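A.B. asks: Give me a model of this one.
(one chain, ligands or ions: 1)
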Amino acid sequence: MNDTPQKSLLSRTAKRTRDAARVVRGTREVIKPEPQDTHAEDANAQEDTTMDQNNTDQDKPRLDLEKDIQSGVEVVKRILSCTDEQIRSRAFLLGCLADYGIPFQPWHDWVRWTDRFMNTSHFGAVQIPTEFVDFLMTLSREPIETAVEIGVLHGGSTYFKAAVLQRLNPNIEYNLIDIEDNLIAYDAFKEHLNLIKNIPNTSDDFAGQAFDYVFIDGDHSYHGVMKDYVNLGRHAKVAIAFHDIHGHEYDHLDGGTVSSWDHIKDQCLLSHAIYEFAHNQRRWMGIGLAVKKN
Ligand SMILES: C[S@@+](CC[C@H](N)C(=O)[O-])C[C@H]1O[C@@H](n2cnc3c(N)ncnc32)[C@H](O)[C@@H]1O
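C.D. replies: Alright, predicted model coming up:
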């Protein structure tokens, strides 16, 4: 019996997901180990629709992605033109993040954020919303004119963060490092933000450079994080931040991000103010921030 269009879309999607998962495992673990590698699926859905314009089933994800990108760009513009009072307001930033969105994902701990924050495409900030906003409010008190983010994936949280920092420091240079280019709508966001794409690259290519702010969210193994810290993190003039300080799904990678943050925190305790933003009851994700004391 022939597949219905829906069934055949599902089986194609399942195949793509399996293929993508194999590719991801073959290189490095870059995706939160949850049920499906749906990031890759989104990129494939986009390619497929370009090839087959008449297939309405496959048009849907593409249309949703375009809508989500458009609202994302509008939010960036809103942040860049907001008042001094708004940029210091938690409610304003949470409202902006709700309109910007977090990516659609079937992750158990994501469900809580569905109603207000979840996009229909895989574009959005891969961040627990209140955790991310509280982190941004603390970080943005600091004078940051040069920034580098290691591990940007689709750029979802990068663009939002760059907008907040640029609103406070219009001359900021925000560098993006990743081993592969999976950015979504880079050119559309670059029209408004001072982004510098250094992809493909790793922290090795910038070893010893002193940026004001360094965000580490690339290779989640213990050695990978420590390497990024040694190459760039320890040279940060103002602040270093780490994603997944409670990412126990990486524990099998020599202790992963949890162990590396523990060690780096110890290292920085006397010289830095340490903050941890952790809003998930089951200890997941989490952002660590170390701000240099004067
Ligand atoms: C969890 S994702 C980053 C998510 C992103 N920061 C966000 O909030 O949306 C990890 C990213 O790190 C990249 N990556 C893995 N190993 C890396 C390395 N050694 N150097 C730079 N990027 C790396 C992957 O390609 C992937 O895009």
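
A.B. asks: Any figure for the gap between A239 and the ligand?
C.D. replies: Applying Cβ to the nearest ligand atom, to the nearest Å, the value for A239 to the ligand is 16 Å. Backbone N, C-alpha and C define where each C-beta goes, glycine included.

A.B. asks: when you give positions from now on, start the count at 46
C.D. replies: Okay, using 46 as the starting number, the last item reads as A284.

A.B. asks: Could you count how many residues lie near that residue?
C.D. replies: By other Cβ atoms under 10 Å, the residues close to A284 number 25.

A.B. asks: Enumerate the beta-bridge partners assigned to it.
C.D. replies: Residues in a beta bridge with A284, per DSSP bridges, are Y258, V336.

A.B. asks: Can you tell me how far it is from F256?
C.D. replies: 10 Å (Cβ to Cβ, to the nearest Å).

A.B. asks: mind listing the strands for the stretch 46-195 of the chain?
C.D. replies: Secondary structure of the stretch 46-195 of the chain (DSSP state E, counting those that start in this stretch): strands located at 191-195.

A.B. asks: What segments of it are helices?
C.D. replies: 50-72, 83-96, 101-125, 129-132, 135-145, 159-162, 174-184 (DSSP state H, counting those that start in this stretch).

A.B. asks: Determine which of these shows the lowest mean per-residue pLDDT.
C.D. replies: The minimum mean pLDDT among the helices of the stretch 46-195 of the chain belongs to helix 50-72 (a mean of 34).

A.B. asks: and stretch 239-248, which residues are buried?
C.D. replies: For stretch 239-248, a neighbour-count test (16 or more other Cβ atoms under 10 Å) marks 239-240, 242, 247-248 as buried.

A.B. asks: what distance separates that stretch from the middle of the whole chain?
C.D. replies: 14 Å (Cα atoms, centre = their mean, to the nearest Å).

A.B. asks: So for it, first residue to last residue, what's the gap.
C.D. replies: 20 Å (Cα to Cα, to the nearest Å).

A.B. asks: Tell me the spacing between G269 and G263.
C.D. replies: G269 is 7 Å from G263, by Cβ to Cβ.

A.B. asks: Show me what from this structure comes close to the ligand.
C.D. replies: 73, 75, 171-172, 195-198, 201-202, 222-225, 227, 247, 262-264, 269 (Cβ under 6 Å from any ligand atom).

A.B. asks: Looking at those residues, which are in helices?
C.D. replies: Counting by DSSP state H, the part of the residues of the chain next to the ligand found in helices is 201-202, 269.
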